[in-house]
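[1] Fold the following and give me the result.
(one chain, ligands or ions: 2)
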Amino acid sequence: MGAHMIACDTDVLIVVDVQNDFCPGGRLPVPGGSDVVPVINRLAGRFANIVVTQDWHPHNHFSFASMHPGKQPNDIIAAPYGPQILWPDHCVQGTSGAQFHESLCVPQATMILRKGFHRTIDSYSAFYENDRQTPTGLTGYLRERSLTRVFLAGLAFDFCVRYSAEDAQRAGFSVFVIEDACRSIDVDGSAEAAQSALQNLGIQAIVAGHFA
Ligand code: VGL
Ligand code: ZN
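    Numbers count the residues shown, from 1 in each chain. Ligands and ions are numbered 1, 2, ... in the order given. Sure thing, here's the model as predicted:
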């Protein structure tokens, strides 16, 4: 990846979950979460194609610790589809916490993809829900628009960005994670686990400066 790389018409920037609840002051704050906003705003000017994702849960979502008596955020429960970390209530449909950070400026984005709306399935990836089987439709959207290279930025690196990257690669896209345009939640070593998972898969980590 050269230092003067400019995105072309097969490239799409996916801006993951830059929402108030994932920023300082929100319900599930990602440390330094709002720091990605100016980086993404600058990056966005380089892309002709941008998709924005929005975590969008019903108020009684299964991933909320509040739905499981005696459980706390960060506890892990056995879901039908495997282990599920429990979270504080966050990104509830229609609330201010679910809105995008007010300084996020990507008016040229052509699609807003909402995920996590099935009450009993969490959805980290922008492509598949956590059961690994329920598609969001994003693969079809990208393919129909002949977009082949996926660039990822946003929150949180160790959950939604990580699983979006893995699914995008599995679907056959070339995947790049713009590391300084992401921040991690980092529960129980999840940031390092995400880092090595992506590295082992050969998913390329780049920095925003590549687009300077
Ligand atoms: C996310 C935890 C729960 C994310 C969403 O956007 O990374 N993490 N819901
Ligand atoms: Zn969520």
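
[2] In the protein, where's the longest helix?
    When the chain is scanned for its longest helix (criterion: DSSP state H), the result is helix 190-200.

[3] and it, how far from the chain's centre?
    With CA atoms, centre = their mean, to the nearest Å as the basis, helix 190-200 stands 15 Å off its chain's centre.

[4] outside of it, which residues touch it?
    157-159, 161-162, 165-166, 177, 184-185, 205 (CB atoms under 8 Å, 6 or more residues apart in numbering). All C-beta atoms are positioned from the backbone trio N, CA, C, and that covers glycine.

[5] what does stretch 127-147 give?
    Residues outside stretch 127-147 that contact it (CB under 8 Å, 6+ apart) are 10-12, 49, 51, 79-82, 84, 111, 113, 115-116, 118, 121-126, 148, 150, 164, 167-168, 171, 173.

[6] Provide a list of residues in contact with Val207.
    Residues near Val207 by CB under 8 Å, 6+ apart: 178-180.

[7] Which of these fall within helices?
    Applying DSSP H to the contacts of Val207, no entry is found in helices.

[8] Which of these ranks first by neighbour count?
    Taking other CB atoms under 10 Å to define a neighbour, the member of these with the most is Ile178, carrying 24 neighbours.

[9] residue contacts, it?
    Contacts were defined as CB under 8 Å, 6+ apart; by that measure Ile178 touches 39, 43, 151-153, 206-208, 210.

[10] So which of those residues belong to helices?
    Assignment to helices by DSSP H places the following of the contacts of Ile178 there: 39, 43.

[11] I'd like to know which of the contacts of Ile178 are buried.
    With neighbours counted by 16 or more other CB atoms under 10 Å, the contacts of Ile178 contain buried members at 39, 43, 151-153, 206, 208, 210.

[12] got CSV for those residues, with pLDDT and distance to Gly189 too?
    As requested, those are arranged in CSV below (pLDDT from 0 to 100; distance: CB to CB, whole Å):
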residue, pLDDT, distance to Gly189
Val39, 98, 25
Leu43, 97, 28
Phe151, 98, 26
Leu152, 98, 21
Ala153, 98, 22
Ile206, 97, 24
Ala208, 96, 26
His210, 86, 28
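
[13] Now do the closest residue to ligand 2 within the chain: how many residues are near it, please.
    Per CB to the ion, Asp55 is where the chain lies closest to ligand 2, at 4.2 Å. Residues contacting Asp55 under the criterion other CB under 10 Å number 30.

[14] which non-adjacent residue is nearest it?
    For Asp55, the nearest residue in space outside its immediate sequence neighbours is Cys91; the separation is 3.9 Å by CB to CB, 6 or more residues apart in numbering.

[15] coming back round to it: narrow the contacts of stretch 127-147 to those that are buried.
    A residue is treated as buried here by neighbour count (16+ other CB under 10 Å); on that basis the buried members of these are 11-12, 49, 51, 79, 84, 111, 113, 115-116, 118, 121-126, 150, 164, 167-168, 171, 173.

[16] List the beta-bridge partners for Ile112.
    Note on Ile112: beta-bridge partners Val52, judged by DSSP bridges.

[17] who's in contact with it?
    By CB under 8 Å, 6+ apart, the contact set of Ile112 is 51-54.

[18] could I get those residues as CSV with pLDDT?
    Formatted as CSV, those follow (pLDDT from 0 to 100):
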residue, pLDDT
Val51, 98
Val52, 98
Thr53, 98
Gln54, 98
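
[19] JSON lines for the residues you listed, including distance to ligand 1?
    Putting the contacts of Ile112 into JSON lines (distance: CB to the nearest ligand atom, whole Å) gives the following:
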{"residue": "Val51", "distance to ligand 1": "14"}
{"residue": "Val52", "distance to ligand 1": "12"}
{"residue": "Thr53", "distance to ligand 1": "8"}
{"residue": "Gln54", "distance to ligand 1": "10"}
